[in-house]
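A.B. asks: My questions concern the predicted model and sequence given below.
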Amino acid sequence: MEKNAVIDLYIHQVKKELYRLAPADAFLAALRESLHDYADHNPNCTLEDLIHQFGSPQETAREFLDSMEDIPPKARARKKRFRWIITAVLAVLLVAAIAHCIDLSRQEQSMASEIIEIYEDGELVETVPGDASPQEER
């Protein structure tokens with residue numbers, strides 16, 4: 001297997017173990033750089049070589065998550081609550097926007113369906129839309 005493919009496989013397995021439990025972009029970038037450095041010094045490295053040098057993807061992910069325990073639970077709860085509030089506000093705004101669009105659509109439909117017909121002596125003289133005022137021609 002090509003060294004980039006081996007590194008990508010290792011990184012993919014670590015990501016899978018993290019389950020998006022913590023922001024890990026910087027960690028994964030640093031890990032990828034370390035893996036590339038190792039692969040540059042060992043051009044024929046395999047996945048087993050990476051596991052032997054860096055540990056299994058599960059161990060690597062667990063070590064990272066253990067290091068993230070330094071974040072106080074209150075801070076995590078605050079972030080989670082903030083995300084929930086933002087999500088709720090966006091959901092309410094979306095529902096309001098949909099309701100407004102439906103209301104506008106109904107108004108347009110009612111305006112388009114109103115027609116005034118003017119009859120004189122039983123004969124149709126003029127047809128005008130509901131919002132226009134008829135003009136007399138005498």
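C.D. replies: All right, it came through fine.

A.B. asks: Closest to the centroid, which residue in this structure?
C.D. replies: Centroid check for the chain by C-alpha atoms, centre = their mean gives T87 as the closest residue, at 10.9 Å.

A.B. asks: so what does the helix or strand bottoming out on mean pLDDT in the chain touch, helix or strand wise?
C.D. replies: Scoring the helices and strands of the chain by mean pLDDT, DSSP states H and E places strand 123-129 at the bottom, with a mean of 76. Here strand 123-129 touches strand 115-120, going by 3 or more C-beta pairs under 8 Å, 6 or more residues apart in numbering; DSSP states H and E. Backbone N, C-alpha and C define where each C-beta goes, glycine included.

A.B. asks: Relative to the strand it packs on, what are the paired strands and their orientations?
C.D. replies: Here strand 115-120 has these sheet partners by DSSP bridges: strand 123-129 (antiparallel).

A.B. asks: which outside residues touch the helix or strand harbouring F27?
C.D. replies: Element membership for F27, per DSSP states H and E: helix 25-41. For helix 25-41, the surrounding residues in contact (C-beta atoms under 8 Å, 6 or more residues apart in numbering) are 3, 6-7, 10-11, 14-15, 45, 50, 53-54, 60, 64.

A.B. asks: which pair in the residues you listed spans the largest distance?
C.D. replies: Farthest pair in the contacts of helix 25-41 (C-beta to C-beta) is K3 and F64. Separation: 22.7 Å.

A.B. asks: which residue ranges form the helices in this protein?
C.D. replies: Assigned by DSSP state H, the chain shows helices spanning 3-18, 25-41, 47-54, 57-67, 73-113.

A.B. asks: JSON lines please, covering those helices and showing mean pLDDT and distance to E120.
C.D. replies: Below are those laid out as JSON lines (pLDDT from 0 to 100; distance: least, C-beta to C-beta, whole Å):
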{"stretch": "helix 3-18", "mean pLDDT": "88", "distance to E120": "80"}
{"stretch": "helix 25-41", "mean pLDDT": "92", "distance to E120": "78"}
{"stretch": "helix 47-54", "mean pLDDT": "92", "distance to E120": "92"}
{"stretch": "helix 57-67", "mean pLDDT": "88", "distance to E120": "86"}
{"stretch": "helix 73-113", "mean pLDDT": "84", "distance to E120": "24"}
